[in-house]
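S.K.: predicted model and sequence below, questions to follow.
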Amino acid sequence: MPRTTRTVAFSLPPDMADRVDEMMTQQGFSRSEFLHEAKLRHIEEREWRELLLHGEQRARQRGIGPENVVALVEEYRAEFAEELDAGEWLVRS
């Protein structure tokens, strides 16, 4: 059966390696599990930052600023509530 993972080696400064070892011990992870989780979090955080940047750029293009957000959310919620009341969100067979 082929491996489902690939081994990747990298170096850390001694103080960073000590911090990793300390945290993995505190959390009960192996070094591999700890670094895997850390990398997943890093990737997810970067994807969120990119998504937020995209949203900010689109809002700017449409002339929407932070001062408009509350009113827009309230407007959306009111429209959604009307659609719910009208049964437009119900699944019909």
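M.R.: In hand now; what should we look at?
S.K.: now for the longest helix along the chain, which elements pack on it?
M.R.: For the chain, the helix reaching the highest residue count under DSSP state H is reported as helix 31-61. Judged by 3 or more CB pairs under 8 Å, 6 or more residues apart in numbering; DSSP states H and E, the packing partners of helix 31-61 are helix 14-27. Where you see a C-beta, it was placed from the backbone N, CA and C, and this is true even at glycine.
S.K.: remind me what the helix it packs on packs against, helices and strands.
M.R.: Contact analysis of helix 14-27 by 3+ CB pairs under 8 Å, 6+ apart lists helix 31-61 as its packing neighbours.
S.K.: give me the low-pLDDT residue ranges for the protein?
M.R.: Across the chain, residues meeting the criterion (pLDDT under 70) sit at 88-93.
S.K.: follow-up on the earlier one: following the longest helix of the chain, which helix or strand comes up?
M.R.: Tracing the chain C-terminally past helix 31-61 and defining elements by DSSP states H and E, one meets helix 66-85 next.
S.K.: export that following helix to PDB, keeping only CA atoms.
M.R.: Output for helix 66-85, consisting of C-alpha atoms alone and laid out as PDB, is shown next (Å, rounded to 0.1, in the frame of the first residue of the first chain):
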ATOM      1  CA  PRO A  66     -17.000  50.400   7.000                       C
ATOM      2  CA  GLU A  67     -19.600  53.000   7.900                       C
ATOM      3  CA  ASN A  68     -22.100  51.200   5.500                       C
ATOM      4  CA  VAL A  69     -21.700  47.700   6.900                       C
ATOM      5  CA  VAL A  70     -24.300  47.800   9.700                       C
ATOM      6  CA  ALA A  71     -27.000  49.300   7.500                       C
ATOM      7  CA  LEU A  72     -26.200  46.700   4.700                       C
ATOM      8  CA  VAL A  73     -26.400  43.800   7.200                       C
ATOM      9  CA  GLU A  74     -29.700  45.000   8.600                       C
ATOM     10  CA  GLU A  75     -31.100  45.400   5.100                       C
ATOM     11  CA  TYR A  76     -30.000  41.900   4.200                       C
ATOM     12  CA  ARG A  77     -31.500  40.400   7.400                       C
ATOM     13  CA  ALA A  78     -34.800  42.200   6.700                       C
ATOM     14  CA  GLU A  79     -34.900  40.900   3.200                       C
ATOM     15  CA  PHE A  80     -34.100  37.400   4.400                       C
ATOM     16  CA  ALA A  81     -36.800  37.500   7.000                       C
ATOM     17  CA  GLU A  82     -39.300  38.600   4.400                       C
ATOM     18  CA  GLU A  83     -38.400  35.700   2.200                       C
ATOM     19  CA  LEU A  84     -38.600  33.300   5.200                       C
ATOM     20  CA  ASP A  85     -42.100  34.700   6.100                       C
END
